[in-house]
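attaching a predicted model along with its sequence, questions to come.
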Amino acid sequence: MAVKCFSCGIAERKAEGKLWCHKYKIEITDVTAKEKSDCYYYIEPQYEDGEPLTAMQTLMIKECEVASRRMRGPV
């Protein structure tokens, strides 16, 4: 099974080769990746003009998407 954290647009690869989750502010290991396998904030890496957006830019996009979902419903 492919673990979503390793292909998430919010995860950033650090110099040591480790992944850092900008949403939860944790280092991603095999254990934490399995715990977060149904992460609500998972998003594919986003591209603009052929270049990938940074993890922080991608996080802002996802947080706006999540916030807009909360605003829907009966008025």
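Perfect, I can see it now. Not measured: the values here are computed from a predicted model. Numbering: from 1, shown residues only.

confidence score at the closest residue to Asp30 other than its chain neighbours?
Taking CB to CB, 6 or more residues apart in numbering as the measure, Asp30 lies nearest to Val3, with 7.5 Å between them; neighbours along the chain are not counted. Backbone N, C-alpha and C define where each C-beta goes, glycine included. The predicted local distance difference test score for Val3 is 76.

Val3 against Ala33, yeah?
Yes. Val3 sits in contact with Ala33 when judged by CB atoms under 8 Å, with a separation of 4.3 Å.

between these two, who's got more neighbours?
With other CB atoms under 10 Å as the criterion, Val3 and Ala33 differ in neighbour count, and Ala33 comes out ahead with 18 against 14.

chain center to the longest helix that the chain contains: distance?
Using DSSP state H to define each element, the chain has its longest helix at helix 55-70. Using CA atoms, centre = their mean, to the nearest Å, we find the averaged C-alpha position of helix 55-70 to lie 9 Å away from the chain's own average C-alpha position.

now do the buried residues in that helix.
Under the neighbour-count criterion of 16 or more other CB atoms under 10 Å, helix 55-70 has Ala55, Thr58, Leu59, Lys62 buried.

nothing else from me, thank you.
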